[in-house]
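S.K.: sequence? don't have it. structure:
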């Protein structure tokens, strides 16, 4: 393999740049020509492709976002779009692809591989950590720390005013960010899509805390919680606790950006290099991952479809630690 | 004067603890007994009062929130409530008060002084910086930096996806946080209560940016903007720019908390010590402030009622710098 | 077991407070009385012991340092000292101990157990990550992020002035902090006690970088590097590269403190709870650890004496990524 | 004036990029062609000059260091060097200069102006804040916050171990960083070049603290302190306090880098725009400054030679607040 291209797709995640850097520098180390594709699958279709050198990735390891830009592509979901993409890649002589992104990215890569058999290896980059085949995804650790920093700040106000705060964190299908930032932030309760917590449970937990003379409380709610958004849950709770000062904060997009943490930079570097070296060694239609500190490759099919459950130890800990 | 009490009231602000520390240590330095009142005027009415020592304020200079807790008191707005408060203070032998807070706090203090003539000096603590009589209020610099950090993070995503972000920052009656975080964050537009910016202006500015090949844009909106919340403005803009990817983030309560910045710790220390030494020197019914790096005292009446306009240089700069 | 005591010993590490909190809350959850010992083994000897409640550990999960204080005890290294310590514990009716600290702490605990057979379980807390029996120790992740943040800042100056910076990070016997902060910070070279890097190698790597048109370089040096301190190495290099602008920074004690990262808070919580629940379940003379995301217990003897090698993947990566 | 050039010189300071951005965007706003000179006076001599556009300064407002690079130039101190520089500028048709830097930069600019009368306006960029003609210099607020963050971290360890820490911060001729970070960090003592503090004073203050049951102490030492470096002072103190655990940390170059604070970005933007608009309005041989929130211009001669004393209120406060 002499020419490889790399792109980022789907929501951006801190550490994507460190991953791109590892792919590019790894390719140069292995004497392979390396190309960048801008704006994910959209750029592939439009031929927004350029050769990268070692200097292309200087001084980016510490930056959030992605220098290759990202987008969600409707056209690539059509056979016609994928055909155009393939022709562009052929025109540039690309023999292998590194796809950095989440399950949408891997789904696209898998369909594309099945149609055109262009060897592709994925690197899991998404703050949600909801991909099977790796213990952690690129960006998750930074997002948790960002959420945690916000919770720490809000606790200052909660404590000063004896308030209850409902804080909504990202995680549409997964409670990873919620459970980790909740434990780290000393939350009284964490509501995640993976477990059932009714509004009655919330009220009971809050009352229990007050019985133990807690004056303020934090409830962390994952975006995808089935009881509703943090605002909706707070409204329901409010009906039963009229005398209490309840507040809501939705952290939103701040969780996607920022300087990646050390953990994310190292994970992203290992996954980027691992994806590239896997591709050169003949891997295809798989995502690189780190499980138990070892590099592994998982079929895109499994990476997309299999569930990665929350560690039950963590769920259990929330109750014990907020006693 | 032999016995002074200090309290915090209204919304908490980073640096309030540094201010309390300066009051307490200053009192001890001047050999005055110092008492803390918990939960502001509410605690005053309930007699939630305790003597403080140098150790009471050890290791708090770096903490957000307020160790004296804060509250908004309905009872203190009644003559009966204020009478109870006065009796409590008399019972404890308090001869002077330091009130740390914003305009609500100073309004209460002023009414109370006019009724009972207990000498009171205020220290301006509010993240909004909307008090006359001081260039900056305690907590403002930290809140701006918190908002700025969030804007920096959101810009990573805005850039990666070529998006327009509307970011709502605090400031019900004042655009100080918005204008400073907007300039610092390189925003394309800042919408503040002090100036009129129509939705048409927003659309024109965004289009102008795209004509100059800007791919992403940030609009910072102050909470008190008369065109509506960031969500409402974004919805109106969206109607005219259907093809664009518009997103909204409301920063919310994270802006109130956190480690105070160096600026806020020093300002809070100067204002706390200045309020105390003013009180001991015979000041009453005034707020301490720092104007042009000098300690000044302003009548509560003026501090509450007079307007502190935004620096027009800053408003002008937004347009020039986002060219 | 009805009465358990917890203490911290050796160098402080961010997350120790989160660990103490988990031990205390876990004990209360399991209806065991929990006592704190101040100043480690010294306090044990002096009987500086007090009962803890759920409130003793409120609002500490986010704080660096240790509320139980720490010290290095000479007296405890004598049989007489340990006898006094045992008598104090007996006086308080303590039936089990949780020891939070590094290898010195565990060595003391092991000798003490062998003499008095008081069941003791350790929780590994040290920024150096040099303990066998756990993938990571409490405080390591925070220390790496602190070092990384410093490297990011220094790189701004290195880049602006085309300089070479030698940055010394902590790690007397172990290159963990150096290798992780070096990879995360995009260092050109990392010098660790585990591998041999001569001054000639340093010079060769720097020259190679300049040949590739790199204008600035970062060399991260672990404290325990056998070629000497960062200052000594820089002096030797300087002799051969007289025309170059070489600078040295020794990060020092900042690496020990600060708000613990999310990773450290969660790790510390799991290890604290795991140590306590192990103790209650009959574990003794062992340290709790997390290996491959699972709670394990390792004999103190092994935890102290066995080596935990650096991941060779990381060592290899430094060269490739700095191409 | 149709063609203006901008450069940075001397030590880099956070906010220099925000200043460059304001110069460039301001020039475009006023329809003036704007050029960047790389590596300060060295680049001027070598003709390392390029035209800048609005995009040249996109996404730099938040970055430390300087995109124009900096250097200290020996050649420019010679008449021959300055002649070469002038010829380069003439070749490019440059009619005015913006010089961002400290007193070395302004000294060079002043000599150059006196020889060739090319209108030059300075913008004060140095973390030391030791320039007359402006209340604050670009980079100072960020440097203080960086030092403060380090002090906060070190306090965690000082508190946990009951230690005395000597922390050396930057400031060769000026105690600004020391006094502000010392007050903000709750230091027991601050040693600055502007005042005399003998080793006996240090010992007396430390003993006084212990008498008041303080268990740990922080002494902040400015780099230019006449009693010696923090290491030397600690060694002298150690001789008289043998039983105490004294530690030293020299913060070093981390204080120069990092994301600029809100304060520095706004100050840098105002000074950059102010320098440019002053130049276009006929100012020459002066530095722009902000005094009492107003833009002013000060002759280079005064900016370099006049002293800016420390605020005596701050010096007094250290003693009172550490009671």
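M.R.: Good, I have the coordinates. What you are looking at is a predicted structure, and each value in this text was computed from that prediction instead of being measured.

S.K.: just the pLDDT for residue A:241.
M.R.: pLDDT recorded at residue A:241 is 88.

S.K.: same check on the one 3 residues further on?
M.R.: For residue A:244, the model assigns a pLDDT of 85.

S.K.: what is the neighbour count of it?
M.R.: Close neighbours of residue A:244, defined as other CB atoms under 10 Å in any protein chain shown, add up to 14. Every C-beta, even on glycine, is put in place using the N, C-alpha and C of the backbone.

S.K.: excluding chain neighbours, what is closest to it?
M.R.: residue A:164 (5.8 Å; CB to CB, 6 or more residues apart in numbering or on different chains).

S.K.: enumerate every residue touching the one you found.
M.R.: Residue A:164 is in contact with A:158, A:206, A:216, A:217, A:218, A:219, A:237, A:241, A:244, A:245, A:246, A:247, counting by CB atoms under 8 Å, 6 or more residues apart in numbering or on different chains.

S.K.: name the SS class of residue A:84, please.
M.R.: helix (DSSP: H, G, I helix; E, B strand; the rest coil).

S.K.: my guess is it contacts residue A:42, does it?
M.R.: No - contact criterion CB atoms under 8 Å: residue A:84 and residue A:42 do not qualify, at 10.6 Å.

S.K.: between the two, what contacts are shared?
M.R.: With CB under 8 Å, 6+ apart, residue A:84 and residue A:42 have common neighbours residue A:75.

S.K.: how about CSV for the contacts of residue A:164, with secondary structure added?
M.R.: Below are the contacts of residue A:164 laid out as CSV (three-state DSSP):
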residue, secondary structure
A:158, helix
A:206, helix
A:216, coil
A:217, strand
A:218, strand
A:219, strand
A:237, helix
A:241, coil
A:244, coil
A:245, coil
A:246, strand
A:247, strand
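
S.K.: just the buried ones among those, please.
M.R.: A:158, A:206, A:216, A:217, A:218, A:219, A:237, A:241, A:246, A:247 (16 or more other CB atoms under 10 Å in any protein chain shown).

S.K.: which residue packs closest to the fifth one, ignoring adjacent ones?
M.R.: The reference is to residue A:218. Closest to residue A:218 by CB to CB, 6+ apart is residue A:187, at 4.4 Å.

S.K.: from residue D:206, how far out is residue A:280?
M.R.: 62 Å (CB to CB, to the nearest Å).

S.K.: what do you get for residue A:30?
M.R.: Distance from residue A:30 to residue D:206, by CB to CB: 59 Å.

S.K.: got it, and residue A:161?
M.R.: 39 Å.

S.K.: check residue A:197 too.
M.R.: Here the distance between residue A:197 and residue D:206 works out to 53 Å (CB to CB).

S.K.: what do you get for residue A:10?
M.R.: Remark: distance between residue A:10 and residue D:206 (CB to CB) = 57 Å.

S.K.: could you do residue A:257 as well?
M.R.: Residue A:257 is 45 Å from residue D:206, by CB to CB.

S.K.: again with residue A:199
M.R.: Distance from residue A:199 to residue D:206, by CB to CB: 57 Å.

S.K.: go on, residue A:285?
M.R.: For residue A:285, the distance to residue D:206 - CB to CB - is 68 Å.

S.K.: strands of the stretch 101-250 of chain A, residue ranges please.
M.R.: A:120-124, A:164-169, A:189-191, A:217-222, A:246-250 (DSSP state E, counting those that start in this stretch).

S.K.: quick check: residues of the stretch 101-250 of chain A near chain C?
M.R.: A:135, A:141, A:144-145, A:148, A:152, A:155, A:159, A:180-181, A:183-186, A:212-214 (CB under 8 Å from any CB of the partner chain).

S.K.: which among the residues you listed count as buried?
M.R.: Buried, going by 16+ other CB under 10 Å: A:135, A:141, A:144-145, A:148, A:152, A:155, A:159, A:180-181, A:183-186, A:214, out of these.

S.K.: now, among the residues you listed, which is nearest to residue A:38?
M.R.: residue A:141 (26.4 Å; CB to CB).

S.K.: what are the boundaries of the helices in chain A?
M.R.: Using DSSP state H, the helices found in chain A span residues A:16-29, A:40-46, A:79-91, A:103-116, A:140-161, A:176-184, A:199-211, A:230-240, A:262-280, A:300-305, A:312-321.

S.K.: could you list the low-confidence segments of the stretch 101-250 of chain A?
M.R.: Applying pLDDT under 70 to the stretch 101-250 of chain A flags no residue at all.

S.K.: stretch A:223-234 vs chain B: in contact?
M.R.: No - Stretch A:223-234 does not reach chain B (CB under 8 Å from any CB); its nearest approach is 10.8 Å.

S.K.: and that stretch, how far out from the chain's middle?
M.R.: 20 Å (CA atoms, centre = their mean, to the nearest Å).

S.K.: OK, contacts around residue A:248?
M.R.: Counted by CB under 8 Å, 6+ apart, residue A:248 has contacts A:165, A:166, A:167, A:168, A:230, A:231, A:234, B:252.

S.K.: mark which of the residues you listed are buried, thanks.
M.R.: Buried members of the contacts of residue A:248, scored by 16+ other CB under 10 Å, are A:165, A:166, A:167, A:168, A:230, A:234, B:252.

S.K.: closest one to chain D out of the residues you listed, please.
M.R.: Relative to chain D, the closest of those is residue B:252; by CB to the nearest CB it sits at 18.4 Å.

S.K.: what residue in the stretch 201-323 of chain A comes nearest to chain D?
M.R.: For the stretch 201-323 of chain A, CB to the nearest CB, closest residue to chain D: residue A:259, 8.5 Å.

S.K.: read off the pLDDT value for that residue.
M.R.: At residue A:259, pLDDT is 97.

S.K.: please apply the same query to the one 10 residues further on.
M.R.: Per-residue pLDDT puts residue A:269 at 98.

S.K.: that one: how many residues sit nearby?
M.R.: Neighbours around residue A:269, by other CB under 10 Å: 29.

S.K.: next one: residue A:40
M.R.: 27.

S.K.: might you name the residue of the stretch 201-323 of chain A sitting closest to chain B?
M.R.: Counting by CB to the nearest CB, the stretch 201-323 of chain A gets nearest to chain B through residue A:257 (3.3 Å).

S.K.: would you confirm that that residue contacts residue B:154?
M.R.: Yes - if you go by CB under 8 Å, residue A:257 and residue B:154 touch, sitting 5.9 Å apart.

S.K.: of the two, who's got more company?
M.R.: Ranked by neighbour count (other CB under 10 Å), residue A:257 and residue B:154 place residue A:257 first, with 30 against 27.

S.K.: gap between that one and residue A:18?
M.R.: Remark: distance between residue A:257 and residue A:18 (CB to CB) = 14 Å.

S.K.: how about the contacts made by residue A:6?
M.R.: Applying CB under 8 Å, 6+ apart, the residues near residue A:6 are A:20, A:23, A:24, A:34, A:35, A:36, A:37, A:52, A:68, A:97, A:98, A:100.

S.K.: roughly how far apart are it and chain D?
M.R.: Going from residue A:6 to chain D by CB to the nearest CB, to the nearest Å gives 22 Å.

S.K.: could you do residue A:161 as well?
M.R.: Applying CB to the nearest CB to residue A:161 and chain D gives a distance of 24 Å.

S.K.: my read is that that residue contacts residue B:42, right?
M.R.: No - the pair residue A:161 / residue B:42 is not scored as a contact, 11.1 Å apart, by CB under 8 Å.
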